[in-house]
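> When you get a sec, could you give me coordinates for this:
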Amino acid sequence: MTDTTGGQAPALNCLVQYCKDLSFENPNAPRSLGPQEKAPNINIQVNVNAKQLAEQDFEVDILLEGSAGEGADALFKFELTYAGVFRLINIPAEQSHPVVMIECPRLLFPFARQIVADAVRNGGFPPLYLDPIDFATLYAQRMQQAQAAGAPN
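Down below sits the predicted model:
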């Protein structure tokens with residue numbers, strides 16, 4: 001058996017990470033900052049996108065959107081796009097897509113989580129610490145949706 005990796009082990013390197021977009025809205029301040037009669041309904045949406053920049057380099061971003069309260073009773077809304085550029089070294093082509101869509105966002109998430117918590121706190125509310133996200137399950141769901149969309153009816 002020959003070694004096609006040149007003796008180098010597979011690796012995933014984060015070259016840079018950055019905030020692409022951050023928006024925080026506190027539409028009903030200062031009224032929204034007072035005591036609330038009941039806990040607000042909190043909605044969170046997560047999306048992961050990736051694009052190939054070079055043969056081994058990929059930009060991966062996590063889009064986190066959330067809100068607390070609804071309509072006229074909205075307390076806050078946020079949107080964060082947090083990204084990183086990753087280099088995949090000696091990772092077989094058939095494994096690169098799951099690595100990019102699962103492992104890369106897993107590495108980015110703790111930093112995005114802290115940015116959201118700080119933005120909500122800086123908006124006058126207790127920090128919102130997002131629960132950990134299972135990117136493997138999100139990936140599997142996305143693949144099932146893609147298969148269903150491509151399947152003949």
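
> Strands along this structure, start to end?
Assigned by DSSP state E, the strands in the chain fall at 11-25, 42-52, 57-68, 76-89.

> what are the pairing partners of the third one, and which direction each?
Neighbouring strands of strand 57-68 in its sheet, by DSSP bridges, are strand 42-52 (antiparallel), strand 76-89 (antiparallel).

> what do you get for the first one?
According to DSSP bridges, the neighbouring strands of strand 11-25, each with its direction, are strand 76-89 (antiparallel).

> So which bits of the strand it pairs with are buried?
Across strand 76-89, burial judged by 16 or more other C-beta atoms under 10 Å covers 76-88. Using the backbone N, CA and C atoms, a C-beta is placed for each residue, glycine as well.

> which residue ends up closest to the midpoint of this structure in space?
I62 (2.7 Å; C-alpha atoms, centre = their mean).

> Would you enumerate the residues in contact with that residue?
46-48, 80-83, 105, 108-109, 112 (C-beta atoms under 8 Å, 6 or more residues apart in numbering).

> related to what we said a few turns ago, tell me which of the strands of the chain lies nearest to Y139.
Evaluated over those, closeness to Y139 peaks at strand 42-52, with 7.9 Å, by C-beta to C-beta.

> residues in contact with that closest one?
With C-beta under 8 Å, 6+ apart as the criterion, strand 42-52 contacts 58-68, 100-101, 104-105, 128, 130, 133, 135, 138-139.
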